[in-house]
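Visitor: Need coordinates for the below:
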Amino acid sequence: MDTTNKFSEADVEKAVEFLNFIAMEASFKDMDVKKTIKFYGLLSWAQGQLVNKLKANILEVVAVHSPAPAEPTKAKKAAKAK
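Guide: Modelled structure (predicted):
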């Protein structure tokens, strides 16, 4: 199965790492108040909405669970008792 164009948990982790790196390490010269407000608005959107949308669209199998064995019903138990 080709996973080239599908999101994974690793993609979400890298996106969060990237956004945190920008928030902590980026330095912009000659940014006026308007551009600074826009920058923080876009950063907030990416951290609050984009990451959640990435998580919602991950198409990978994380775990496979087998169904628990079904308990016999009361009717079957009564039939066996007779």
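
Visitor: elements contacting the top helix by length along the chain?
Guide: Ordering each helix of the chain by length in residues (DSSP state H) puts helix 9-25 first. Packed against helix 9-25 by the contact rule (3 or more Cβ pairs under 8 Å, 6 or more residues apart in numbering; DSSP states H and E) you find helix 33-45, helix 51-56. C-beta coordinates here come from the backbone N, C-alpha and C atoms, glycine included.

Visitor: Just tell me which of the ones you listed ends up closest to Ala15.
Guide: Ala15 sits nearest to helix 51-56 of all these, at 5.9 Å, using Cβ to Cβ.

Visitor: Tabulate the helices and strands packed on helix 9-25 (a markdown table), appending mean pLDDT, mean neighbour count and distance to Pro67.
Guide: As requested, these are exported to a markdown table (pLDDT from 0 to 100; neighbours: other Cβ atoms under 10 Å; distance: least, Cβ to Cβ, whole Å):
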| stretch | mean pLDDT | mean neighbour count | distance to Pro67 |
| --- | --- | --- | --- |
| helix 33-45 | 93 | 11 | 41 |
| helix 51-56 | 90 | 13 | 26 |
